[in-house]
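>>> Quick one: sequence plus predicted model below, questions after.
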Amino acid sequence: MKGYNFILKMVGVKMNGLPRYISTQVRFDDFNKIHLSERVVISEKVILLTHDYSLTTGLIALNKKPSTDLAFKKEIHIGRNVFIGMGAIIMPGTIIHDNVVIGAGSVVRGTIHSDAIVIGNPGQIIGKLTEKALKWEEQAKNSFIQTDRN
């Protein structure tokens, strides 16, 4: 994982700390517009989308066709201790603060404040991570828990 993080830095991803895991199947739209923090987990088939060409489509609908395609380009910021589930799409301009879980397949845009769980399309906040973690902690006492190697 350390080698992969090094490669991501080399191609322009900005890292504030060491991510925990980033799948090699993550789609980075524009490396230079991605900011990742400490202990981020990004599961496979996640898309970090930093461009939006709907501007061109909208202008054409107004009969104002531009001479070339136009796109909004916006950064994505992901805070500390964030888990992003398989197949999620993070839209341009999204800011995800610390201690957040994004559910598998979710489509997320805008600002997600700390201590949130987000699921769905469009992504909706369904609760506080800290409250759910207390329930998970209790469940863990009666369940098999897999532990990973460090």
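Nice, I can see it.
>>> For I102, see how far away the residue nearest the centre of the chain is.
Centroid-nearest residue in the chain, with CA atoms, centre = their mean: I90, separated by 4.9 Å. According to CB to CB, to the nearest Å, I90 and I102 sit 8 Å apart. Using the backbone N, CA and C atoms, a C-beta is placed for each residue, glycine as well.
>>> any common contacting residues for these two?
By CB atoms under 8 Å, 6 or more residues apart in numbering, I90 and I102 have these common neighbours: 84, 96, 108.
>>> F83 sits in which helix or strand?
Using DSSP states H and E, F83 falls within strand 82-84.
>>> Please enumerate residues in contact with the following helix or strand past that strand?
Per DSSP H and E, strand 82-84 leads on to strand 89-90 as the next helix or strand towards the C-terminus. With CB under 8 Å, 6+ apart as the test, strand 89-90 has contacts from 46-49, 76, 78, 84, 96, 102, 106-109.
>>> Among those, name the buried ones.
The neighbour count (16 or more other CB atoms under 10 Å) marks 46, 48-49, 76, 78, 84, 96, 102, 106-109 as buried among the contacts of strand 89-90.
>>> out of those residues, which one sits closest to K33?
K33 has its nearest neighbour among these in I76, at 6.5 Å by CB to CB.
>>> Look up which residues are beta-bridged to the closest one.
With DSSP bridges as the criterion, I76 is bridged to I34.
>>> What about the contacts of strand 89-90, which are in helices?
Assigned to helices by DSSP state H, none of these qualify.
>>> out of those residues, what pair is the most spread apart?
The widest separation within the contacts of strand 89-90 (CB to CB) is 15.3 Å, between I78 and V107.
>>> Next, count neighbours for F72.
Neighbour count for F72, taken as other CB atoms under 10 Å: 12.
>>> which ones are touching the closest residue to Q25 other than its chain neighbours?
Of all residues not flanking Q25 in the chain, E44 sits nearest, at 4.0 Å (CB to CB, 6 or more residues apart in numbering). Contact partners of E44, counting by CB under 8 Å, 6+ apart, are 23-26, 86-87.
>>> hang on, the earlier thing: just send the contacts of strand 89-90 back as JSON lines, with pLDDT too.
Output for the contacts of strand 89-90, formatted as JSON lines (pLDDT from 0 to 100):
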{"residue": "V46", "pLDDT": "98"}
{"residue": "I47", "pLDDT": "98"}
{"residue": "L48", "pLDDT": "98"}
{"residue": "L49", "pLDDT": "98"}
{"residue": "I76", "pLDDT": "98"}
{"residue": "I78", "pLDDT": "98"}
{"residue": "I84", "pLDDT": "98"}
{"residue": "I96", "pLDDT": "98"}
{"residue": "I102", "pLDDT": "98"}
{"residue": "S106", "pLDDT": "98"}
{"residue": "V107", "pLDDT": "98"}
{"residue": "V108", "pLDDT": "98"}
{"residue": "R109", "pLDDT": "97"}
